[in-house]
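Engineer: the following comprises the amino acid sequence and a computationally predicted model.
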Amino acid sequence: MADSSFNNTNLLACPFSIPDPKASATKVVSRWSDTHVESPPAIIITPNSEEDVVSALKFAKLNKLTVIPAGGRHNPAIPINSKSLYLDLINLKSIQLDKQYSQVQIGGGALTGDVIRYLAQEGYFTTMANSNAVGVVGCLLGGGNSSQNGLIGWMADNIMSFRVVTAAGDIVQVSSSSKGEELALFNALCGAGHGLCVVISATIRIYPLSSLNLSPASKDDPSPSIWSRTLIFPPTAIDSAIDAFLAASPPPEPMNVIFGFSRGPPGTPFAGKPIVLLTSTYYGPASEAEASSVGARLLHPSLVEKAVKADTVQIPFANANNAYEPLNDHGGFKSMSSNRIARLSPRALKDAYGKYLAVTDKYPDAVRSALMFHSFNPSKLAELGATPEGEGRFVEARDRGFCTIGVMWSSEPATRDALAVLYDEAVTILQKDDEEAGLPRRVFPGIMKFLPGRRDLFSGEKLAELDRLQEKWNGDGLFWSPYKA
């Protein structure tokens with residue numbers, strides 16, 4: 001399809017469409033959140049190759065459009081409007097396993113669930129996000145928080161190389177062995193990569209599943225599985241749940257512990273009612289999980305008797321994220337934000353819970369919003385950060401073992417605004433102990449609302465380097481960037 005308002009559509013040998021500017025923007029561009037989908041993009045281009053991407057960038061320059069690369073369509077911080085060239089990478093989703101070199105090359109449009117299932121089938125794993133529908137590359141570019149933090153580090157720690165198309169139209173392979181400006185670009189892509197180039201593919205380190213010594217899913221299913229323990233408490237038991245969560249921190253390296261405030265999902269006995277969650281996963285044998293001090297605490301009758309529901313299950317590795325599928329629905333006003341925290345107090349958690357209850361009581365359409373707290377062992381992160389490679393990558397606060405995650409979900413603009421205030425106020429409460437200890441606030445770049453204060457993302461030195469790299473690689477503003485001053 002062509003339009004006389006655009007120049008040189010003959011540059012595009014791949015599929016493209018020019019939306020009706022009067023059409024509903026959220027119907028033209030379907031993504032996890034309708035937040036910041038302001039109007040239909042000027043054009044949607046679906047490249048089939050890196051050469052198609054080069055052509056798309058040339059087209060964007062000629063028509064003064066801002067390029068928005070789209071992988072998993074889960075980042076609500078990116079604005080879509082009539083000046084956007086929406087570069088849909090859905091056809092660039094290859095997965096190429098290299099067992100000899102213990103790595104996998106993943107296309108820019110590959111989704112997390114597809115990669116997890118493929119690798120598990122082949123007997124491997126790597127660090128991945130906790131949502132099947134999220135784009136792998138998008139997570140890598142934001143650092144990549146995951147359930148494997150304690151074992152193998154962040155996603156950014158496991159990146160071996162990127163193949164990218166720059167704003168100048170050059171196709172470049174960058175890695176930790178690159179030199180000069182290409183090495184600087186690689187390091188920035190490992191944690192603060194949005195808006196610097198288009199990533200065609202990323203090569204990531206992989207590990208044998210057998211190294212985890214996982215227990216079988218069941219007597220009838222020998223597939224390797226993850227031990228998972230979940231307790232649901234009524235609000236009256238929040239003190240016991242908080243005590244158990246904080247006593248479990250930091251957990252053993254293979255373990256994650258998540259504490260959270262939520263409301264019961266539809267179709268359950270707790271539908272719409274406030275609940276307190278305490279759940280744990282263990283990437284090792286079930287017997288080892290239950291013998292650990294944390295596992296024993298979560299199984300202890302004195303805690304279980306306070307819960308309204310307590311389950312222990314073995315989850316086949318390939319199905320690790322399946323329980324979160326309801327959260328992947330497209331549409332509505334959604335946003336996420338995540339902060340790295342070194343210490344949490346019982347008082348702070350309880351005060352944050354009070355704010356959560358007040359807002360979700362007042363706004364019924366906020367029922368699917370939640371405040372979650374991920375606890376993991378940060379020793380591996382700190383160890384990797386002390387290496388020459390780790391020091392250069394754009395991930396900070398490696399010694400902090402808590403990650404707060406706010407999921408703000410509503411259908412009305414007024415509720416969206418109230419939830420944004422809730423999260424900011426809750427974080428102020430939660431980070432009080434860190435601030436008193438002189439620790440700066442740190443937002444995790446990969447999970448950010450629109451938009452955090454720049455000083456909350458990185459140190460002044462890292463921000464200055466990021467500004468320099470933006471000028472070097474995106475000086476004309478071809479790519480939209482969340483990090484520009």
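Structural biologist: Thanks, I have it.
Engineer: drop to CA atoms for contacts and neighbour counts, all remaining ones
Structural biologist: Will do.
Engineer: surely residue 473 touches residue 195?
Structural biologist: No: the pair residue 473 / residue 195 is not scored as a contact, 9.2 Å apart, by CA atoms under 8 Å.
Engineer: and the two? Which one has more around it.
Structural biologist: residue 195 (23 against 20; other CA atoms under 10 Å).
Engineer: contact partners of the helix or strand harbouring residue 184?
Structural biologist: Counting by DSSP states H and E, the element that carries residue 184 is helix 180-192. Residues outside helix 180-192 that contact it (CA atoms under 8 Å, 6 or more residues apart in numbering) are 140-144, 156-157, 159, 161-162, 174-178, 196, 392-395, 445-446, 466, 469, 483.
Engineer: ok, stretch 270-277 next?
Structural biologist: 230-235, 238, 241, 258-266, 357, 367.
Engineer: sort out for me which of those residues are in helices.
Structural biologist: Residues of the contacts of stretch 270-277 located in helices (DSSP state H): 238, 241, 357.
Engineer: how about these in CSV, adding pLDDT?
Structural biologist: Shown next, in CSV, are these (pLDDT from 0 to 100):
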residue, pLDDT
238, 97
241, 97
357, 95
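Engineer: tell me the one of those nearest residue 67?
Structural biologist: Checking the ones in helices among the contacts of stretch 270-277 against residue 67 by CA to CA gives residue 357 as the nearest, at 40.0 Å.
Engineer: what ranges does the stretch 201-350 of the chain have for its strands?
Structural biologist: Remark: strands assigned in the stretch 201-350 of the chain by DSSP state E, counting those that start in this stretch are 207-208, 215-216, 224-233, 255-263, 274-282, 309-316, 333-341.
Engineer: which stretches of the stretch 251-400 of the chain form helices?
Structural biologist: With helices called from DSSP state H, counting those that start in this stretch, the stretch 251-400 of the chain shows them at 286-291, 293-299, 301-304, 346-362, 379-385, 388-392.
Engineer: now the ones you listed as a markdown table including mean neighbour count and distance to residue 56?
Structural biologist: Output for those, formatted as a markdown table (neighbours: other CA atoms under 10 Å; distance: least, CA to CA, whole Å):
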| stretch | mean neighbour count | distance to residue 56 |
| --- | --- | --- |
| helix 286-291 | 16 | 50 |
| helix 293-299 | 19 | 52 |
| helix 301-304 | 14 | 57 |
| helix 346-362 | 17 | 44 |
| helix 379-385 | 19 | 37 |
| helix 388-392 | 15 | 31 |
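Engineer: so which of those comes closest to residue 423?
Structural biologist: helix 346-362 (8.5 Å).
Engineer: give me the nearest residue to residue 81, chain neighbours excluded.
Structural biologist: The shortest distance from residue 81 to any residue other than its chain neighbours is 4.6 Å, reached at residue 39 (CA to CA, 6 or more residues apart in numbering).
Engineer: ugh, typo on my part, it should be residue 312
Structural biologist: Closest to residue 312 by CA to CA, 6+ apart is residue 229, at 4.4 Å.
Engineer: now swap in residue 342 and tell me
Structural biologist: residue 400 (4.3 Å).
Engineer: got the contact list for the one you found?
Structural biologist: 340-343, 378.
Engineer: most neighbours, which of these?
Structural biologist: Going by other CA under 10 Å, residue 341 tops these with 28 neighbours.
Engineer: count the neighbours of the closest residue to that residue other than its chain neighbours for me.
Structural biologist: Excluding the flanking residues, the one nearest residue 341 by CA to CA, 6+ apart is residue 402, at 5.0 Å. Residues within reach of residue 402, counting by other CA under 10 Å, total 22.
Engineer: now the phi/psi pair for residue 402, please.
Structural biologist: Note on residue 402: its backbone torsions stand at phi -120, psi 140 [degrees, to the nearest 10].
Engineer: could you check the pLDDT of it?
Structural biologist: Per-residue pLDDT puts residue 402 at 96.
Engineer: which strand residues bridge it?
Structural biologist: Taking DSSP bridges as the rule, residue 402 bridges to residue 341, residue 375.
Engineer: I figured it hits residue 373, correct?
Structural biologist: Yes: using CA under 8 Å, residue 402 is in contact with residue 373, at 6.7 Å.
Engineer: which one of the contacts of residue 400 is nearest residue 224?
Structural biologist: Residue 224 has its nearest neighbour among the contacts of residue 400 in residue 378, at 25.0 Å by CA to CA.
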